[in-house]
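Enquirer: sequence unknown, structure follows:
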Ligand SMILES: [Cu+2]
């Protein structure tokens, strides 16, 4: 009896020591893993991150996005002239829904993309040009492109769902009216397809052009990274706080023109406040005469317009949502205004 009790004791002590030795041998590895962890996704892909993965991952495909590059990039398409002299602009837009993006340090989000980015490319044309979009859906779900603007019903991207895994559709219409318009997927549930990132900006320039300016695009967006139909992050151009950490460099006494589009879902309003200045505001950009001179506009879903301003004094100026919750969750940035030693703006080449 006593003998068997002591052998149990010896066995228990041995097991304890074995576990302790195992712990000390592998302790280095355990502490290393608190720095970086590997996550195996639903389809077997591997993600290595130091943060928590809040989003179900479909593949390990990752993507990079540079908000500074996006800011001033305009896609004029492949240009050709039709027999009647009209300009034709052709684009290829590919939809995908399996990309993963680190939207904030350690927070990975499954983005659905047009041409691999959120927002998709800024499509730009002159009023009266013919736009032809070769749309390819390489996603796993149905998607479309629904443009705001004037076009025939069958080009509206609503009643012709484009199947995934290579489905194709050609959207063709005349660019108009003059202004700044969003485009986005129009497959139900619409909020889901939009909030994951299937949207972009479509600019239609007037034939006579606009005054030369330092031009930029800001898409106001929200990211619902935990699927509770409330946004966890807000941003101008997708990455929260990006333009606060990387101020936008502009010159004093130089005209700045911002094409701003509100794509935030779930919250009924968003807004845009500029510090140390006021701007001329052209709602939807459809009129060449500004409707307001203000430092504050309020925008509902897909509301958009053109802002124009010049800074008089060099220095740092915030721009942000005056809905403070949004600015504290990422929708905030800085214009770093430099003394204007030489006019750097080149003539905007409309219709190039
Ligand atoms: Cu879609």
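Expert: Right, received. Where do you want to start? Predicted model only: the values in this text are computed from it and were never measured.

Enquirer: count the neighbours of residue 95 for me.
Expert: When counting by other Cβ atoms under 10 Å, one arrives at 26 neighbours for residue 95. Quick note: C-beta positions are derived from backbone N, CA and C, even for glycine.

Enquirer: that one reaches residue 140, doesn't it?
Expert: No: counting by Cβ atoms under 8 Å, residue 140 is not a contact partner of residue 95; they are 10.4 Å apart.

Enquirer: and the stretch 151-300 of the chain, which residues reach the ion?
Expert: Residues of the stretch 151-300 of the chain lying near the ion by Cβ under 5 Å from the ion: 185, 187, 193, 198.

Enquirer: need the contact list for the second one.
Expert: With contact set as Cβ atoms under 8 Å, 6 or more residues apart in numbering, residue 187 has these partners: 141-144, 161, 193.

Enquirer: again, but for the last one
Expert: Residue 198 makes contact with 95, 112-114, 120, 143, 184-185 under the criterion Cβ under 8 Å, 6+ apart.

Enquirer: nearest residue to it in space, please, no chain neighbours.
Expert: Spatial nearest neighbour of residue 198, excluding adjacent residues (Cβ to Cβ, 6 or more residues apart in numbering): residue 185 at 3.7 Å.

Enquirer: count the neighbours of that neighbour for me.
Expert: Residues within reach of residue 185, counting by other Cβ under 10 Å, total 28.

Enquirer: can I assume it is in contact with residue 194?
Expert: Yes: counting by Cβ under 8 Å, residue 185 does reach residue 194; the two are 6.7 Å apart.

Enquirer: pLDDT score assigned to whatever residue of the stretch 1-150 of the chain ends up closest to the ion?
Expert: The stretch 1-150 of the chain approaches the ion most closely through residue 143 (3.5 Å), counting by Cβ to the ion. The score at residue 143 is 97. That number is its pLDDT.

Enquirer: relative to residue 198, how far out is it?
Expert: 6 Å (Cβ to Cβ, to the nearest Å).

Enquirer: the residue of the stretch 1-150 of the chain closest to the ion: neighbour count?
Expert: By other Cβ under 10 Å, the residues close to residue 143 number 28.

Enquirer: now do the contacts for the residue nearest to it when sequence neighbours are not counted.
Expert: Take residue 143 and drop its neighbours on the chain: the residue closest to it by Cβ to Cβ, 6+ apart is residue 95, 4.4 Å away. Applying Cβ under 8 Å, 6+ apart to residue 95 gives the contacts 112-114, 135-139, 143, 145, 162, 185, 198.

Enquirer: mind listing the helices for the stretch 151-300 of the chain?
Expert: Ranges of helices within the stretch 151-300 of the chain are 190-195, 242-245, based on DSSP state H, counting those that start in this stretch.

Enquirer: on that earlier part again, just checking, the residue of the stretch 1-150 of the chain closest to the ion touches residue 185?
Expert: Yes: counting by Cβ under 8 Å, residue 143 does reach residue 185; the two are 4.8 Å apart.

Enquirer: what touches both of these two?
Expert: Joint contacts of residue 143 and residue 185 (Cβ under 8 Å, 6+ apart) are 95, 112, 193, 198.

Enquirer: surely the third one touches residue 112?
Expert: It refers to residue 193. Yes: using Cβ under 8 Å, residue 193 is in contact with residue 112, at 6.8 Å.

Enquirer: list residues touching both of these two?
Expert: In contact with both residue 193 and residue 112: 143, 185, using Cβ under 8 Å, 6+ apart.

Enquirer: could I get the buried residue list for stretch 109-129?
Expert: For stretch 109-129, the neighbour count (16 or more other Cβ atoms under 10 Å) marks 109-114, 116-127, 129 as buried.

Enquirer: quick one: is it near the ion?
Expert: No: applying Cβ under 5 Å from the ion, one finds stretch 109-129 separated from the ion by no less than 6.4 Å.

Enquirer: would you work out how far apart the start and end of that stretch are?
Expert: Stretch 109-129 stretches 37 Å from its first residue to its last (Cα to Cα, to the nearest Å).

Enquirer: tell me the residues of the stretch 1-150 of the chain that contact the ion?
Expert: Looking at the ion, the residues of the stretch 1-150 of the chain close enough under Cβ under 5 Å from the ion are residue 143.

Enquirer: re the thing from before, could you export the contacts of residue 198 as TSV, including secondary structure?
Expert: Putting the contacts of residue 198 into TSV (DSSP: H, G, I helix; E, B strand; the rest coil) gives the following:
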residue	secondary structure
95	strand
112	strand
113	strand
114	strand
120	coil
143	strand
184	strand
185	coil
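
Enquirer: pull the most distant pair out of these.
Expert: Farthest apart among these by Cβ to Cβ are 113 and 184. That separation is 12.3 Å.

Enquirer: which intervals of the stretch 201-350 of the chain have sub-threshold pLDDT?
Expert: Residues of the stretch 201-350 of the chain that meet the criterion pLDDT under 70 lie in 342-350.
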